[in-house]
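Chemist: For reference, the sequence and a predicted model appear below.
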Amino acid sequence: MIFSINKHLSDIFFLLFSVVILTLGFFYNFWNTADESWFESHQKYSESLVIGRMVTAKEEGIASNSMLLGEYSNIPSGSGHPQDQYRLFGKSLEGGEYTTYNGQIGLQGTVFSIIGKYTNFKPGNTIILFNLITSFIFSSLLSIIIIWVSREFGFVSSLFVLFSIVCSQWLIVFGRNLYWVFWTMYLPFIVSLILLQLEDCGRKYSHVISFFSIYFAVMLKCVNGYEYISTVLVAMVTPYVYYAYSRGWKFKKMSGRIMVVGAASLLAFFSTIAVHIYQLSLRFGSIQKGIDSILYDVAKRTHGSSDKVEEVYRASLEVDLFAVIMTYLDVPLFGGVSSWGKSIVIVVIFIIASFIGYFLQKYSPTIYKEKKKLIALVLMVWFSFFAPLSWYILAKGHSYIHIHMNPVLWHLPFTLLGFALVGKVVGLFFMDYLKNHNIFQKIKLDL
């Protein structure tokens, strides 16, 4: 009983520690993970669409312009840069024409507009507050993953995961962005983890609760943007792969659960599409124009016909798929431009850790003792490898153009799980070392 209480207290303390560490990184780049100029400028244009929405909501009403994100152009004394939207929000600029961004519903813009409308903060402080809230939510959700890793694989594994997040310049530069609200990308994955962990702790698993939990998690992601949706959905299924093997599920049980969450996620996606079409029909005057707008966005991001899109997107649709994938295997994920931080090196490290965990059981008593859980983690890691890969393949056009953004997908959740595996293997070998050298016995004698 006392041990259980102490375990809960240590989890709470570690959770709070993790939230603080990550929030400092996402909000302020406190750990200097990313170049400061990159941190300040990354995806400023995308975020300016949210700021533009907040400006028009304040001036014309929350429901104006079909509640779509957008930006002001032709601003007197404006520079034509994204910073103009921030200056409009701060009242140092006035005027201009609002142009909507039609690629998503833009719930984040509406939510921030409502909060901003009823708060009395100065404009600059309002944006800072929203950045802080976004950073905090993202940190909290990632910390839930870290605590799950700690409980399932040990403290060493969780430290590896925490350190990998702190060292990821991609997560750092995305973490506070008001357009990306990146925490929504991880939400379906975390909901799956929580549902399965609760069952593991004795709660009855409910298909109804699972269906609606996943439905709302996926829909919350979609109404804030469709980007990376294939990665999000593959990541969502990943926990089921782990629990199915480690807990010895029968195929019927696993397939039934995946079918339920799959149906929920598809319904959430198409529900969002339906709402988006209606929203665009209000903007364009007809449902057909709304459908055409969405179909055009799909074509330019995926494998659409190159003769049906603008010139700027044509090359992205004609590029070789293998070349796109190889590009993303050669990007730095950690440590700036250091070759040790490149994605291909990280993949090789995870392959080595997987080999050790799977094939070297007979040389390690501790690994052999935990072989089922370790093999389940190996399966989970390599299933999650297909999460980023799915977007690079399905959204080839988007991936070709957005090399300055899409490497972040390696962290959803492939690298997090990979470093959990590395930490687990290191921890188990360390335990073997202590046992082989009678460290525990020596400590006991000294006491």
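Modeler: That came in fine, so what should we check first?
Chemist: low-confidence ranges in the stretch 251-400 of the chain?
Modeler: Applying pLDDT under 70 to the stretch 251-400 of the chain flags residues 300-317, 335-340, 361-363.
Chemist: Run through the helices of it in chain order.
Modeler: When secondary structure is read from DSSP state H, counting those that start in this stretch, the stretch 251-400 of the chain shows helices at 251-284, 287-301, 311-318, 321-328, 343-359, 365-369, 371-384, 386-394, 396-401.
Chemist: Packed most tightly, which of the ones you listed would that be?
Modeler: Greatest average neighbour count among these goes to helix 396-401 (a mean of 22), per mean count of other C-beta atoms under 10 Å. (C-beta placed from N, C-alpha, C; glycine too.)
Chemist: can you put the helices of the stretch 251-400 of the chain in TSV and add distance to residue 100?
Modeler: TSV is the format used below for those (distance: least, C-beta to C-beta, whole Å):
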stretch	distance to residue 100
helix 251-284	6
helix 287-301	10
helix 311-318	19
helix 321-328	30
helix 343-359	36
helix 365-369	56
helix 371-384	36
helix 386-394	25
helix 396-401	20
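Chemist: List just the one of those that sits closest to residue 110.
Modeler: Residue 110 lies closest to helix 251-284 among the helices of the stretch 251-400 of the chain, at 10.7 Å (C-beta to C-beta).
Chemist: quick one, the closest one and helix 287-301 angle?
Modeler: Helix 251-284 runs at 120 degrees relative to helix 287-301, counting by axes from the mean of the first three to the mean of the last three C-alpha atoms, to 10 degrees.
Chemist: can you give me the offset of helix 251-284 from its chain's centre?
Modeler: Distance, stretch centre to chain centre, for helix 251-284: 19 Å (C-alpha atoms, centre = their mean, to the nearest Å).
Chemist: For that helix, name the packing helices and strands.
Modeler: helix 207-222, helix 229-246, helix 287-301 (3 or more C-beta pairs under 8 Å, 6 or more residues apart in numbering; DSSP states H and E).
Chemist: To residue 411, which of the helices of the stretch 251-400 of the chain lies closest?
Modeler: Residue 411 lies closest to helix 386-394 among those, at 8.3 Å (C-beta to C-beta).
Chemist: Out of the helices of the stretch 251-400 of the chain, flag the one nearest residue 21.
Modeler: Residue 21 lies closest, by C-beta to C-beta, to one member of the helices of the stretch 251-400 of the chain: helix 343-359, at 21.2 Å.
Chemist: what's the angle from that closest one to helix 386-394?
Modeler: 140 degrees.
Chemist: Okay, angle between helix 343-359 and helix 371-384 too, please.
Modeler: Angle, helix 343-359 to helix 371-384, by the same axes, to 10 degrees: 150 degrees.
Chemist: who's in contact with helix 343-359?
Modeler: For helix 343-359, the external contacting residues (C-beta atoms under 8 Å, 6 or more residues apart in numbering) are 328-334, 339, 367, 374-375, 377-378, 381-382, 385, 407, 410, 415, 418, 421-422, 424-425.
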